[in-house]
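K.L.:
give me coordinates for this.
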Amino acid sequence: MQMYKVFIYNKPIYFIDDNEIKEKDISHETYLCENENDRKRILSIHLASNATRPIFVRHQNIKKLMKVFFGDYKKVKAAGGVVLNKKEEILFIERLGYWDLPKGKVEKKEGLKIAAIREVEEECSISSPVIERKLLKTYHTYTIKNREYFKTTHWYLMAYEGNEELVPQQEEGITKVQWVNKEKMEEQVANTYSSIMDVLNSYLR
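P.N.:
Below is the predicted model of the structure:
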């Protein structure tokens, strides 16, 4: 099933076509989106909604739906990873007051895997993490100086065998880099983004 789960205001909206909704018999709130007025109304409802009550937005053609909803957003492609050391601890960064996983923008003509490794190395000051497998893609939006952005992030599971000192990339707003036992992530889970929880859950499954 083709469906997009996009985090807006740190809460998910599910974008799906009419045929899929009929097949799934979704019992959550569903909204038809065909124009800009529909989009504004849905965003207003989503902003005021409870994060535990998912919203489904539908259209007869999912490609047209995504264009109606995000056509004016600047597209950003990023890559990053869940990095494990020899103790199977997870590498976290703290940026702008939130715990996060290392990731960053893919440069022009750069491959996704190369970008993911480079961003981990730059943000955490480690070298040569090895990609083991693809985890998932996440989608979220953000706003900078009144410009709206739609970011697609490609996530990989990585292994790291070294023992280098962790140094945060301060020019990127990173204030802390830390290995965390996956059984003791209470602090990180309590103060991270919803999309990052999807990434962690993808690994933990």
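
K.L.:
flag every buried residue along the longest strand seen in the chain.
P.N.:
The longest strand of the chain (DSSP state E) is strand 130-144. With burial defined by 16 or more other Cβ atoms under 10 Å, the residues of strand 130-144 counted as buried are 131, 135, 137-141. Backbone N, C-alpha and C define where each C-beta goes, glycine included.

K.L.:
now stretch 124-131
P.N.:
So for stretch 124-131, counting by 16+ other Cβ under 10 Å, buried means 124, 126, 129, 131.

K.L.:
what do you get for stretch 179-195?
P.N.:
179-180, 185, 188, 192-193, 195.

K.L.:
ok, and what's touching it?
P.N.:
7, 10-12, 51, 85, 87-92, 97-100, 138-140, 153, 166, 197, 200, 204 (Cβ atoms under 8 Å, 6 or more residues apart in numbering).

K.L.:
could you do stretch 78-91 as well?
P.N.:
So stretch 78-91 is contacted by 101-106, 112-113, 115-117, 119-120, 124, 126, 129, 131, 135, 151-161, 166, 177-182, 185, 199-200, 203 (Cβ under 8 Å, 6+ apart).

K.L.:
and that stretch, end to end?
P.N.:
18 Å (Cα to Cα, to the nearest Å).
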